[in-house]
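J.: let's see this in three dimensions:
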Amino acid sequence: MTSLDKIILDIMADSQNQSFTKAGIEPLFAAPKTARINIVGQAPGIRAQESRLYWNDPSGDNLRDWLGVDRKTFYGSGYFAVIPMDFYFPGTGKSGDLPPRRGFAEKWHDRILAELPDIQLTILVGSYAQHYYLRQKSSIKLTDNVKNYKEFLPDYFPLVHPSPRNNIWQKKNPWFKNEVIPELRQLVWKILEE
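T.: Numbers count the residues shown, from 1 in each chain. Model prediction:
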């Protein structure tokens, strides 16, 4: 049994996750030893959880486009870790998916990341990931983080969520596609080609 297998068993045995484990739902994340880029999002959507494949929806299509990689590279290269703020679909609320559960990332991320010695960049998708990893107050605006992404390099790259729901945000902020996405793609490919 590998260290990662042990972590997965510990996650499934944790009382916080018992309803999922009893339903036969395993934690959804990816942590290949060869990973160079870590993507931290909110939590799996229901489609991802049901298909057992993270970012397997229109948001994932947009994310891969932003990164400049195809599905084969994203899922099969071993260069991408996907360690969201919660490894289970949190349910649906009034305006979309519920937020990741509090305390979840604190409990598991460090243990998993200790198994990934080659991470060169962590992409922070959405405000939950950004507030946690950048140690920010919730009053800090996501738009400001994304606009000022260079302040967080070389370790972190903050992004808005790639959901089609954020197309309006993108139209209001044309600098994102004109400036941020080309820089992201260039950085990703520099890391992948090393």
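
J.: okay, CA-based contacts and neighbour counts for the rest of this
T.: Will do.

J.: just the helices in this structure please.
T.: In the chain, helices defined by DSSP state H lie at 3-13, 18-22, 46-51, 58-67, 71-76, 104-113, 127-133, 142-147, 167-172, 175, 181-192, listed in chain order.

J.: out of these, deepest packed?
T.: Ranked by mean neighbour count under mean count of other Cα atoms under 10 Å, those are led by helix 127-133, which reaches a mean of 20.

J.: for the record, mean pLDDT for that helix?
T.: Taken as a whole, helix 127-133 has a mean pLDDT of 97.

J.: who touches that helix?
T.: Contacts of helix 127-133 with the rest of the structure, by Cα atoms under 8 Å, 6 or more residues apart in numbering, involve 40-42, 84-85, 100, 124, 136-138, 140-142, 158, 160.

J.: can you rerun that using 6 Å?
T.: For helix 127-133, contacts defined as Cα atoms under 6 Å, 6 or more residues apart in numbering pick out Leu124, Leu142.

J.: on that earlier part again, for Arg36, find the nearest of the helices of the chain.
T.: Taking Cα to Cα, helix 181-192 is the member of these nearest to Arg36, at 7.1 Å.

J.: quick one: distance of that closest one to the chain centre.
T.: In this view, helix 181-192 has its centroid 17 Å away from the chain centroid, taken as Cα atoms, centre = their mean, to the nearest Å.

J.: who does the helix or strand of the chain with the lowest mean pLDDT touch, helix- and strand-wise?
T.: Least confident helix or strand, the chain: strand 96-97 with a mean of 82, by mean pLDDT, DSSP states H and E. Packing contacts for strand 96-97, counted by 3 or more Cα pairs under 6 Å, 6 or more residues apart in numbering; DSSP states H and E, involve no helix or strand.
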